[in-house]
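>>> What follows is a predicted structure for the sequence shown.
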Amino acid sequence: MKKGIFITFEGGDACGKSSQITLFKQYVQNLSFSDDFVFIREPGGTKLSENIRELVLNYTEDAPTPKAELLMLLASRAQLCEKVIFPALKQGKIVVSDRFYDSTIAYQGVARGIMTPEEILKVNSLVVGDLKPDLTFYLKVSPEVAAARKQKMGQELDRFEKEKLDFHQKVCDGYDYMAKKESERFKIIDASQNIEAVHHTIIETLENFIANKDLNDINL
């Protein structure tokens, strides 16, 4: 019987995460077991969670307070876990998520300063239980490089992307904290490299990871 695998992509704004996930999906399409992959994003992934996403990222008329922001993200995650993640993992799927609770630690915990990382993890456990990613790709890039990239995007920025440099430095600090705390699942990747080099590292890491798993019916 297959064991479900939970993979997450993490990193600050403009780290290149979206581009890497797109390349990752293209890689997966050529695998013999591509149907075993389920791709989701946070916040989002269900109709309710996508509506919450829009409110959290772009609602400015009555922008969420930091605590409201945290609770909205947890509500989105609760819906996503119950409707998508838990059932998929139970079926032995490979769930790949664009962000998960490490983002909450980095953004709402360290950058917003709402709670300590440990307190965030405790509250988060009410939503996810003992679920944690099996493998996390942390695309690490300096806030200065990220800021330069955002200037070149030529598109409207969301509430988080508009935050000042010191906020994004704290986000990096939050990710670094989690990468040290749960180092066994983190793969830190220098996201200032070119896109092909980052993609190569991700695929190489994935292949090594799955090769070491006890999955009799999945072979790369």
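Yep, it's here.

>>> Who are the packing partners of the worst-scoring helix or strand of the chain on mean pLDDT?
Lowest by mean pLDDT, DSSP states H and E among the helices and strands of the chain is helix 143-153, with a mean of 93. In terms of contacts (3 or more Cβ pairs under 8 Å, 6 or more residues apart in numbering; DSSP states H and E), helix 143-153 is packed against helix 165-181. C-betas here are computed from N, CA, C, even on glycine.

>>> tilt between the helix it packs on and helix 143-153?
Between helix 165-181 and helix 143-153, the angle comes out at 120 degrees (axes from the mean of the first three to the mean of the last three Cα atoms, to 10 degrees).

>>> So what touches helix 165-181?
Here helix 165-181 makes contact (Cβ atoms under 8 Å, 6 or more residues apart in numbering) with 10-13, 102, 105-107, 109-111, 117, 138, 140, 142-144, 146-147, 186, 188.

>>> Next, the buried residues of it.
In terms of neighbour count (16 or more other Cβ atoms under 10 Å), helix 165-181 has its buried residues at Phe167, His168, Gln169, Lys170, Val171, Cys172, Gly174, Tyr175, Asp176, Tyr177, Met178, Ala179.

>>> in the protein, which ranges drop under the pLDDT threshold?
1-2, 214-220 (pLDDT under 70).

>>> now the strands for it?
With DSSP state E, the ranges of strands along the chain come out as 5-10, 37-41, 94-98, 135-140, 186-190.

>>> Could I get those strands in a markdown table, plus columns for distance to Glu82 and mean neighbour count?
Below are the strands of the chain laid out as a markdown table (distance: least, Cβ to Cβ, whole Å; neighbours: other Cβ atoms under 10 Å):
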| stretch | distance to Glu82 | mean neighbour count |
| --- | --- | --- |
| strand 5-10 | 15 | 24 |
| strand 37-41 | 13 | 18 |
| strand 94-98 | 14 | 24 |
| strand 135-140 | 22 | 22 |
| strand 186-190 | 26 | 18 |
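
>>> Reformat the ones you listed as CSV; add distance to Lys17.
Below are those laid out as CSV (distance: least, Cβ to Cβ, whole Å):
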stretch, distance to Lys17
strand 5-10, 5
strand 37-41, 10
strand 94-98, 7
strand 135-140, 5
strand 186-190, 10
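
>>> Identify whichever of these lies nearest to Ala68.
Nearest to Ala68 among these is strand 37-41 (20.9 Å), distances taken as Cβ to Cβ.

>>> and the angle for the closest one with strand 94-98?
Computed by the same axes, to 10 degrees, the angle separating strand 37-41 from strand 94-98 equals 20 degrees.

>>> between strand 37-41 and strand 5-10, how many degrees?
Counting by the same axes, to 10 degrees, strand 37-41 points 30 degrees away from the direction of strand 5-10.

>>> What residues does the most centrally placed residue in the chain make contact with?
Closest residue to the average C-alpha location of the chain: Arg99 at 1.6 Å, with Cα atoms, centre = their mean. Arg99 is in contact with Thr8, Phe9, Glu10, Arg41, Glu42, Pro43, counting by Cβ under 8 Å, 6+ apart.
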